[in-house]
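1. structure, please.
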Amino acid sequence: MKLRGLATVEALTGGNPFFVGEVARAMADARSGRRFIAVTPTVRAAIADRLGQLSDRCVTFLEAAAIVGREFATTTAAAISGTSPAEALDLVAEATQAGLVEFHEAPHEHRFVHALVRDAIEAGLAPADRLGLHRRAAEVMERQYGHALGPRLFDVARHWADASITGDAATAASWSVRAGEEAMRQLAYEDAARLFRQALRIGGVDVDGAERCRIQLLTGRALNFSGDLKGRLEVCLAAAELGRALGRPDLVAEAALVMEAAGSARFDLATRQLCEEALQGLPTHATALRALVTARFVETFVFLQQSDAVAGASAEALELAEKSGDHRALAAALRARQVASVGPEGLAERTVLADRMFRLGQESGDPQIEMWAHLWRIDAALEQGDLSLVAASIELLARAVRRVRGPIARFELARCRAVLAQAQGRFTDARRLEAEAFSILAPTAHDVRFTFRSALTMNVAHHTGADDSIASFDYAGAPESHAEEIGFIGQIALARALVSADRLDDATHVYCGLGPPGRWQPPPHVVLCGYGFGLAVAAGLGETDDVAVLYDLLAPYRGHHVASGMTAMLYFGPVELWLGVGARHLGRLDEAVAHLQHAERECKENGAAGFRIEAQYELALALLGRGGTGDVHQALSLLAAARAKAGPLGMAALSEKISVLRPRVDMADPTRSLTRREREVADLVSEGLTNRELAKRLVIAERTAENHVQHILIKLRLSNRSSSPFGQRQGIDIPRRSRLVMATRGFWSCRPLGPVDGAG
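-> Numbers count the residues shown, from 1 in each chain. Down below sits the predicted model:
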């Protein structure tokens, strides 16, 4: 029994001081390593003493009632004990007067005043008497309730299981299976797995091979939904072995179908082998089953580098499924096509597949299918940068999850909510939701909780500057093989986190371990993440050659946003943001400005608050580096806007960078002393206009125009037009790295400001 503190004591004792003291002592013994036994000898003796004051018929009746449970129907206890209904009422009155039972919710329903009273009465029964009462209880309930057992189905199964040692194991096993199937319908997957395993233990060698295999497969499905992947693998392999021995490739196929992709090689490779074996033995006319197995084969590549055979197999699965007309096969085939299109090139197809999956879920009434459709929409919408669609799809997902239930479904919902919060700059919410998602899967063997924790934590830390993101890569509690299984994306993500934490030596070590970027082969679903992270790392480490390679690798995906193509793990802004970072590092400042302006607009429109601030900062650096007409003024405005928004979001690291950069820009800006009219004149002079042309454009006297120009030169400490950007159109060349555009409309300050390119 699991102890749950005060709640356990209250349930057992009802607050009776004597019982409370006894249970407290039993709990203390359990803490010292002894077995917890609530019915201590003292409790048993006390209850026996009170029973001794009752009639023998009343004791017999209470023993039958105790077998039923703490709550019991008077008619049921009477039938088990061989007592007439009329006499049973008198016996209940006797027990009530003795303070052992009390009325319950409905007429003719009673319960023991304390759970310990019931436990003590049952513990006092001789083993043979107890087993006989369980058998009679099962027979009586079957007879009384017939096909309207309802929740009593589980009671009947329990009584037959307890009585199975006396014989008729097949009957007991069949009732356990019935109860397990009902638990599956109620989505109580852990209870279902326990009942199916109970059936296997009870049945023993009496269950024939095919039936035993069927029960094992049922157990595997229950374990799959409850998240016990290790248990699922063991029972499915056992089922496949039985199917193999029976010469039944269809049973081997069913074993493979229970094994949903887990993103772990130790599970998925075993599933793939079962699929390949089943496909070799299944007849060609078994179109639905072949479609299901072919689709499952494709799914085993879900987190791995896909072979050329995957696309062909997914197309074959869809063709077979459509031919079969089986909605279960069609759902599996659509999932296979989704796996085959997880790369950024498959974004449009994934959107179509999500819509088709949703329609199939509605037509079939299957909430599991609807859940997958919503998850696909969320994944595609993240890559499209449509955070409004993500939010709307999450609300629809929540409805499906309430129907599906189970830890996996609840984890998916919490995970999607966490990623949306991270994308929108709600960093506190993101961390809270990540912790919720992790705790949901904590009792299971799903390693994805460790992957998600590290991904979400590091992407929040990218903006908040928290340093605990590195610790998340220790994967405390994960299998030793986990870090190897996540492979490339785990390493490049770690390198990016180390760069963000300014641990450049460590980042260099991790990054170099990946080899030249031109030889990288990221799995399709992490192409955008891999190249986007890689650009950020290479630029941060000053690896110019690598920046150029990664820029070219990422450039074809303009218009996408950096996200996983398989499942919601993170959002890392528009592709143009990272192309802009790369172009600025390469000195291609016009390209950088264009990319970053696009990224800033995208983030403004979709509500990606943190990435908008980051885009504003990067754009300001690109503008300062370029030094064109109006660039400095725009850069200053961007820095001011970014700083104002970064603080409230908790983006301390970026706020500090702006705080360091802004005063240096202001100090080097002599144009701050110009009047509005003088700035207007400066703008026109920078376009190459003469004093006469100025006067004509501004409708002023030529002498007035000349005075304005002279005042500007004095304020900027310039001797003539040729010392200023006024001569820019005449071909005057000032080395870019020795000057910075500081004027609103293009004036040069010849005082070096320092390495602005490295300010970020």
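2. so the closest residue to F572 other than its chain neighbours, which state does it fall into?
-> Once flanking residues are discounted, F572 sits nearest to V562: 3.7 Å by Cβ to Cβ, 6 or more residues apart in numbering. (C-beta placed from N, C-alpha, C; glycine too.) Recorded secondary structure, V562: strand (DSSP: H, G, I helix; E, B strand; the rest coil).
3. ok, now how distant is V562 from G573?
-> Per Cβ to Cβ, to the nearest Å, V562 is found 6 Å from G573.
4. and these two? Which one has more around it.
-> V562 (29 against 25; other Cβ atoms under 10 Å).
5. ok, that one touching V575?
-> Yes - between V562 and V575 there is a contact under Cβ atoms under 8 Å: 6.2 Å.
6. shared neighbours of these two, anything?
-> With contacts taken as Cβ atoms under 8 Å, 6 or more residues apart in numbering, the residues that reach both V562 and V575 are 528, 532.
7. tell me the contacts of the spatially most central residue of the chain?
-> Centroid-nearest residue in the chain, with Cα atoms, centre = their mean: R415, separated by 3.2 Å. Applying Cβ under 8 Å, 6+ apart to R415 gives the contacts 433-434, 437, 452, 567-569.
8. 10 Å instead, please
-> Residues near R415 by Cβ atoms under 10 Å, 6 or more residues apart in numbering: 375, 378, 433-434, 436-438, 440-441, 448-449, 452, 455-456, 567-569.
9. repeat for L100
-> 47, 50-51, 54, 58, 62, 65, 92, 94, 110, 112-114, 117-118, 121 are the contacts of L100 under Cβ under 10 Å, 6+ apart.
10. repeat the analysis, applying 8 Å as the threshold.
-> 50-51, 62, 112-113, 117.
11. list the ones among those residues that fall in helices.
-> 50-51, 62, 117 (DSSP state H).
12. residue ranges with poor pLDDT in the stretch 201-350 of the chain?
-> 204-207, 263-265, 303-307 (pLDDT under 70).
13. need the helices for it, in chain order.
-> Taking DSSP state H, counting those that start in this stretch, the helices of the stretch 201-350 of the chain run over residues 209-226, 229-245, 249-258, 265-281, 287-299, 309-324, 327-340, 347-364.
14. please parse the protein into its domains.
-> Here the domain parsing of the chain from automatic domain parsing is 1-125, 485-597.
15. with distance to A400 and mean pLDDT as extra columns, can I get these in TSV?
-> Supplementary listing: the domains of the chain in TSV, determined by distance: least, Cβ to Cβ, whole Å; pLDDT from 0 to 100:
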stretch	distance to A400	mean pLDDT
domain 1-125	31	75
domain 485-597	15	92
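16. is it true that K604 touches R612?
-> Yes - counting by Cβ under 8 Å, R612 is a contact partner of K604 at 5.5 Å.
17. between these two, point out the one with more neighbours.
-> Set K604 next to R612 and count neighbours by other Cβ under 10 Å: R612 wins out with 25 against 13.
18. ok, the more buried one - contacts?
-> Taking Cβ under 8 Å, 6+ apart as the test, what R612 contacts is 600, 603-604, 645.
19. find the nearest non-adjacent residue to V549, please.
-> Closest to V549 by Cβ to Cβ, 6+ apart is P517, at 4.7 Å.
20. quick one, phi psi at the one you found?
-> In terms of degrees, to the nearest 10, the main-chain angles of P517 are phi -60, psi -30.
21. before we move on, the earlier item: of the contacts of L100 - the most surrounded one?
-> Counting by other Cβ under 10 Å, top hit in the contacts of L100: V117 with 29 neighbours.
22. what distance do you get for L694 to K657?
-> Taken as Cβ to Cβ, the span from L694 to K657 is 40 Å.
23. quick one, strands of the stretch 451-600 of the chain?
-> Secondary structure of the stretch 451-600 of the chain, counting by DSSP state E, counting those that start in this stretch: strands at 561-563, 571-574.
24. ok, G180 to L396 distance?
-> For G180, the distance to L396 - Cβ to Cβ - is 31 Å.
25. please read the previous query as pertaining to E63.
-> 54 Å.
26. of the two, who's got more company?
-> Set E63 next to L396 and count neighbours by other Cβ under 10 Å: E63 wins out with 20 against 16.
27. could you dump the helix or strand where A435 lies to PDB, C-alpha only?
-> When elements are assigned from DSSP states H and E, A435 belongs to helix 427-441. The C-alpha coordinates for helix 427-441 follow below in PDB (Å, rounded to 0.1, in the frame of the first residue of the first chain):
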ATOM      1  CA  PHE A 427       8.900  33.300 -20.600                       C
ATOM      2  CA  THR A 428       7.600  32.700 -17.100                       C
ATOM      3  CA  ASP A 429       4.600  30.900 -18.500                       C
ATOM      4  CA  ALA A 430       6.900  28.900 -20.800                       C
ATOM      5  CA  ARG A 431       9.000  27.600 -17.900                       C
ATOM      6  CA  ARG A 432       5.900  26.700 -15.800                       C
ATOM      7  CA  LEU A 433       4.300  24.800 -18.700                       C
ATOM      8  CA  GLU A 434       7.500  23.000 -19.500                       C
ATOM      9  CA  ALA A 435       7.700  21.800 -15.900                       C
ATOM     10  CA  GLU A 436       4.100  20.700 -16.100                       C
ATOM     11  CA  ALA A 437       4.800  18.700 -19.300                       C
ATOM     12  CA  PHE A 438       7.900  17.100 -17.700                       C
ATOM     13  CA  SER A 439       6.000  16.100 -14.600                       C
ATOM     14  CA  ILE A 440       3.200  14.500 -16.700                       C
ATOM     15  CA  LEU A 441       5.700  12.000 -18.300                       C
END
